[in-house]
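**Student:** Fold the following for me, if possible:
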Amino acid sequence: MAEGLGALLEPAAIRLAETATDRDAAIRRCGEVLVEVGAVAPAYVAAMLDREQSVSTYVGEGVAIPHGTLAGKETVLRDALAVLRFPDGVDWGGQPVTVCVAIAARGDGHVEVLGELAQILLDPDRAAALRAATDQATVYDLLTPIEETA
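**Tutor:** Numbers count the residues shown, from 1 in each chain. Modelled structure (predicted):
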């Protein structure tokens, strides 16, 4: 189970000046970053592309959350996130995407992560700040809001 998004996001997985010619290239780049940080085996990238063919991972506000299929879970080495910013934008099935939050999760951890991410990313102000972010600390702070205590 995820210990919050902060536990899943390491600085090496935040890339803010990426380029991609199209959606598939952006997804491949997201998968490559997850491979580079040791979260997934290279085969996970194909599972991410397969997921996109069945269901778009575009969530709105210029953000997509690419992740693998259930079959790809066996290639996940540890739960992790990667945040890639494409300043020039990527055409995502007719929608412009500038930020991808890639997810690698074993078990059902992705469901909780997706829910947490959706709350953050669907806030227009936060999403706009994420699209404009140019340093890792800002991205980390936007994705790991301080928990409110009752």
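**Student:** now the strands for this structure?
**Tutor:** Secondary structure of the chain (DSSP state E): strands located at 14-15, 58-60, 63-64, 80-92, 95-104.
**Student:** Would you reformat those strands as JSON lines and include distance to residue 74, mean neighbour count and mean pLDDT?
**Tutor:** The C-beta positions use only the backbone N, C-alpha and C, and glycine is treated the same way. JSON lines is the format used below for the strands of the chain (distance: least, C-beta to C-beta, whole Å; neighbours: other C-beta atoms under 10 Å; pLDDT from 0 to 100):
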{"stretch": "strand 14-15", "distance to residue 74": "26", "mean neighbour count": "20", "mean pLDDT": "96"}
{"stretch": "strand 58-60", "distance to residue 74": "26", "mean neighbour count": "17", "mean pLDDT": "89"}
{"stretch": "strand 63-64", "distance to residue 74": "24", "mean neighbour count": "26", "mean pLDDT": "92"}
{"stretch": "strand 80-92", "distance to residue 74": "16", "mean neighbour count": "21", "mean pLDDT": "96"}
{"stretch": "strand 95-104", "distance to residue 74": "12", "mean neighbour count": "24", "mean pLDDT": "95"}
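**Student:** what's the closest of those to residue 133?
**Tutor:** Nearest of the strands of the chain to residue 133, taken as C-beta to C-beta: strand 80-92 at 6.7 Å.
**Student:** Could you dump the strands of the chain into TSV with distance to residue 7 added?
**Tutor:** Converted to TSV, these look like this (distance: least, C-beta to C-beta, whole Å):
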stretch	distance to residue 7
strand 14-15	14
strand 58-60	22
strand 63-64	21
strand 80-92	9
strand 95-104	13
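**Student:** Quick one: closest of these to residue 37.
**Tutor:** strand 80-92 (6.3 Å).
**Student:** just checking, what packs against that closest one?
**Tutor:** Packing partners of strand 80-92 (3 or more C-beta pairs under 8 Å, 6 or more residues apart in numbering; DSSP states H and E): helix 5-8, strand 14-15, helix 23-36, strand 95-104, helix 124-132, helix 136-143.
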